[in-house]
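# I would like the atomic coordinates for the input below:
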Amino acid sequence: MKNYMIKRYNCSVLYTAIIFLLLISFSYLTSANGEEEVKELWCVQAEEYGSLSRAQEILLEVRDLSLARIERKGELYSVLIGFFENELSANKIIGKIKAQFPYAYKKKCINIPQLIISNGAVSSIKTIYFEELGYSNDLYLSGARPEFSLYFPKYKGLRNAELETYLRFSSVLDERSTITILVDDVPLFTKNIKQIGYEPTLSFRVKPSKLNYIKVTLRGYFFITGDICYDLPTGNLWMVIGKRSKFIIDDEYTANNNTGNYFKNYDEHYNIVFNNSEADLEVLPLVYYLNKLNDWREIKIHIDDEPFEGMKNIFIGNYSRDIEVKDENLFVSAKGVQLFKKSLTELYITSSLKNSTVNLGDDKDRAKTTLLNMGIKSLTATGIGDLSFNVPIKYSTFTGIPKNLNLRLLLNHTPIPESDRAFLKVFLNGVLIKATQLKEGGDIYPYDIKISEELLRGYNNNLNIVASYFIDRGDCKGSIPNMTFSILDLSYFYHDNVDRKKINPIMDVIGSLSGNVLIMVDNRNMLKYGVYLMDILGKFNKEISNIDIAQWKGEVSNGYDFVILLLNPQNTQIPNTPVKLNQGRFSIINPLTNTELISTEYSDSFGVLQSFDKGNSKILMLSYYKDIKALEFLKTFEGESINRLTGNVVIFNQDIASYAVGDKYIVVYKDVKSMSYYWNRFKLYIILTIFLIGITFLYYINKKLVREKVE
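Predicted coordinates:
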């Protein structure tokens, strides 16, 4: 028995030794071959909170940063950002959020294979709000059959998608009224108000199809009493879709050197790296083109002297190839920037191009612009009551203020019974400009609509086209007939010519920029702020067909529709400039009341945007007073602020002030005095001096005449 126990003991020791050796070998192999999986990474802790709801609110504010997430430790919830391979990248993130989170700090994090995948594919959860898709306000839909469709692009890395919608229904709807969700025109589910309430949040998964987009439709079936003839006139058949509704997507971005993968994914951050060469000037048109190419959502542009880990880096320089993707970064030469003027479709199957050519001509007939040219495809709706379509238009659609502007609207609709009535109503910015009874239907009919120049704004016009179908009372009960109504994308605007002289407010100039545009820069210190300005332009206006860049040499170049000047104050002595910053201190005054609206004697540094004419070109000039750092305000420019740029002179620092200099106000310079200033101040001395000179002259003449007479 004793020998048996000794043998068992020896076997246990042997087994333990074998297991120990295996563990050591596994540890060695793991450290040799799996070093990436145990490598220490850095992350940034923005803040720590005692409640999950508060942490979730803060997460929304930093959601755009790399791998923003919430981690729980005991009773506390930490908002963490990113996994970074070095401290420098973590320090840069801290610098970006320090003002908002003063106690943010970096710490070491463990590499989590589920989040950082060693094969080059990075899986992350991204949130894309309706606001980012261009819906800046809540969506209001009315009628017995309201319907809204949204097209969401499907890229290669999309694994799963979830849509979370915030809805609000009219409180007087019958609780049997329903909302149906369709994905790619296939019903997903139908819920009635009794099941979900009057202010529901509907969340549902969307399975990506083989198409290159996901179409999600919300379709209502609303009633109050069941009598459509009673319900419609009340105006209480409506629903609202909140602008904070969102797509939550699981995106797996696979890193490779293909330009298609570089651009066709859900990342929204681009970091442009300067290399202190002449090619850096090309960053200005590039920033605009990047916004134009990513027209389905807003992107965020960053600039730095170094690449930023976890972000798409773009290097501009004197490279041998025009455009090349290498090590997950994009390298672009000065010539390569020109490739962004059109579409990158031809680049999507390659990693680089050299000595490439692209047709940069603008083949659009400026006197005739179809809805298709404007990116609006044929529209169709079915229902009764008001069927509404919105067509956004701005001056840039026509490269200026169009003279004698008309819309030829090509319509088709189902036949209208003799007992029923259907009307076409067209509104421009809320004003009725056309109303007519629709014809019998069944064929395409043209309707010419005169668009008044007085009602047209430079930016953000809303042309609302409404087809109204009213059925005879006797047809209401038992059946509800519908009308199908289509607007063809071959409908077109036509006009005589365009005028840019009357485009003075900065808001209108930004909305009008189109055609051939030149950017002129006097010094590299203006380059960063020019990037901010071009980023703003790219978000509000995507109609510029060509952008050239040139060094400022004291004179505005001719031959361009618009010229953007990025100048230091000493170089702003240009004819027609509303405010000449090179002349020092100034005041803007209302001459009717002699009220001083602003005086630089009591002002801190500020940035200045001005618009004026030079030959046949409209000029948009960016400069500053005192300190160039005041232009940093452009980096935080909010979309709603565009409506505050109502003058031809806009002054900004922490706030925005607009002045119509020349039309309403005048500028008085404190350091350079006009003749009227000297006259008003020294007129007594001037009169006395002139009087004495006159008396002396008369005395001399009289004395001379008397002497000649005596002789």
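
# From now on I want contacts and neighbour counts done on CA atoms only, so please keep to that.
Noted.

# Buried by neighbour count: which residues of the longest strand along the chain qualify?
Longest strand in the chain by number of residues, with DSSP state E as the criterion: strand 158-169. Burial within strand 158-169, assessed by neighbour count using 16 or more other Cα atoms under 10 Å, is assigned to 158, 161-169.

# Export those residues as CSV, with columns for pLDDT and distance to P591.
Listed next are the buried residues of strand 158-169 as CSV, based on pLDDT from 0 to 100; distance: Cα to Cα, whole Å:
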residue, pLDDT, distance to P591
L158, 82, 61
A161, 87, 60
E162, 89, 59
L163, 92, 57
E164, 92, 55
T165, 94, 53
Y166, 95, 51
L167, 96, 52
R168, 96, 51
F169, 97, 52
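
# other SSEs contacting the helix or strand where L609 lies?
L609 belongs to strand 606-614 when assigned by DSSP states H and E. For strand 606-614, the contact count by 3 or more Cα pairs under 8 Å, 6 or more residues apart in numbering; DSSP states H and E identifies helix 506-512, strand 617-625, strand 649-652 as packing neighbours.

# just checking, Q583 touches Y669?
Yes. Taking Cα atoms under 8 Å as the contact criterion, Q583 and Y669 are neighbours in contact, 6.9 Å apart.

# Show me the strands in the stretch 401-550 of the chain, by range?
Assigned by DSSP state E, counting those that start in this stretch, the stretch 401-550 of the chain shows strands spanning 401-402, 406-413, 421-428, 431-437, 445-450, 461-470, 483-487, 492-494, 498-499, 515-521, 544-551.

# which one of the ones you listed has the lowest average pLDDT?
Within the strands of the stretch 401-550 of the chain, confidence is poorest for strand 498-499, with a mean of 77 (mean pLDDT).

# Give the partner strands of that strand in its sheet and their orientations.
Each strand paired with strand 498-499, and its direction, by DSSP bridges: strand 401-402 (antiparallel).

# the strands in the stretch 251-400 of the chain, which residues?
Taking DSSP E, counting those that start in this stretch to define them, one finds strands in the stretch 251-400 of the chain at 269-273, 300-304, 312-316, 323-326, 329-332, 352-353, 368-370, 379-383, 385-393.

# so the longest one versus strand 379-383, what angle?
Put plainly, it is strand 385-393. Between the axes of strand 385-393 and strand 379-383, defined by axes from the mean of the first three to the mean of the last three Cα atoms, to 10 degrees, the angle is 160 degrees.

# quick one: strand 385-393 to chain centroid distance?
Here strand 385-393 is found 23 Å from its chain centre; the criterion is Cα atoms, centre = their mean, to the nearest Å.

# outside of that strand, which residues touch it?
Here strand 385-393 makes contact (Cα atoms under 8 Å, 6 or more residues apart in numbering) with 142-144, 232, 376, 379, 381, 459-470, 485.

# Narrow those to those that are buried.
With neighbours counted by 16+ other Cα under 10 Å, the contacts of strand 385-393 contain buried members at 142-144, 232, 381, 459-470, 485.

# what about A657, neighbour count?
With neighbours defined by other Cα atoms under 10 Å, the count for A657 comes to 15.

# Run through the bridge partners of it.
In this structure, A657 bridges to I651 when assessed by DSSP bridges.

# Correct me if wrong: it contacts N648.
No. A657 is not in contact with N648 according to Cα under 8 Å; the separation is 10.8 Å.

# middle-most residue in the chain, spatially?
Geometric centre of the chain, nearest residue: K539, 2.9 Å, by Cα atoms, centre = their mean.

# just checking, which of the helices and strands packed on strand 606-614 sits deepest inside the structure?
Counting by mean count of other Cα atoms under 10 Å, helix 506-512 has the highest mean neighbour count of those, with a mean of 26.

# can you put the buried residues of strand 158-169 in TSV and add distance to I125?
Compiled in TSV, the buried residues of strand 158-169 are given as follows (distance: Cα to Cα, whole Å):
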residue	distance to I125
L158	10
A161	10
E162	11
L163	13
E164	14
T165	18
Y166	20
L167	24
R168	27
F169	30
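
# Show me the shaky parts of the stretch 451-600 of the chain.
Within the stretch 451-600 of the chain, the stretches with pLDDT under 70 are 459, 471-481.

# how about a cut-off of 80?
Applying pLDDT under 80 to the stretch 451-600 of the chain flags residues 457-460, 470-483, 497-502.

# Buried residues, stretch 582-591. List them.
583, 585-589.

# Stretch 44-52 now?
For stretch 44-52, the neighbour count (16+ other Cα under 10 Å) marks 44-49, 52 as buried.

# Tell me the spacing between L581 and I574.
Relative to I574, L581 is positioned 10 Å away (Cα to Cα, to the nearest Å).

# With neighbour numbers in mind, choose between the two.
Residue environment comparison for L581 versus I574 gives the larger neighbour count to L581, 21 against 15, counting by other Cα under 10 Å.

# what's near enough to touch F612?
504, 576-578, 618-620, 648.

# let's go with 6 Å and repeat that
By Cα atoms under 6 Å, 6 or more residues apart in numbering, the contact list for F612 reads I619.

# For the stretch 1-150 of the chain, just list every one of the helices.
In the stretch 1-150 of the chain, helices defined by DSSP state H, counting those that start in this stretch lie at 2-33, 35-38, 52-61, 87-97, listed in chain order.

# Oh, that last question was meant for the stretch 151-300 of the chain, not what I typed.
Residue ranges of the helices in the stretch 151-300 of the chain, as given by DSSP H, counting those that start in this stretch, are 193-196, 228-234, 259-263, 283-293.

# Could I get the average pLDDT for the third one?
Spelled out, that is helix 259-263. 73.

# Remind me what that helix packs against, helices and strands.
Applying 3 or more Cα pairs under 6 Å, 6 or more residues apart in numbering; DSSP states H and E, we find helix 259-263 packed against no helix or strand.

# low-scoring stretches of the stretch 51-200 of the chain, by residue?
Applying pLDDT under 80 to the stretch 51-200 of the chain flags residues 51-77, 82-89, 92, 95-100, 102, 108-126, 132, 134-136, 156-157.

# If we use 90, what do you get?
When the per-residue scores of the stretch 51-200 of the chain are filtered using pLDDT under 90, the ranges that remain are 51-162, 184-185.

# Now do the closest residue to D522 other than its chain neighbours: how many residues are near it, please.
In space, and not counting its chain neighbours, D522 is closest to W552: 4.6 Å by Cα to Cα, 6 or more residues apart in numbering. Residues lying near W552 (other Cα under 10 Å) number 17.

# wait, what's in contact with W552?
Shown here is W552, whose contacts under the criterion Cα under 6 Å, 6+ apart are 520-522.
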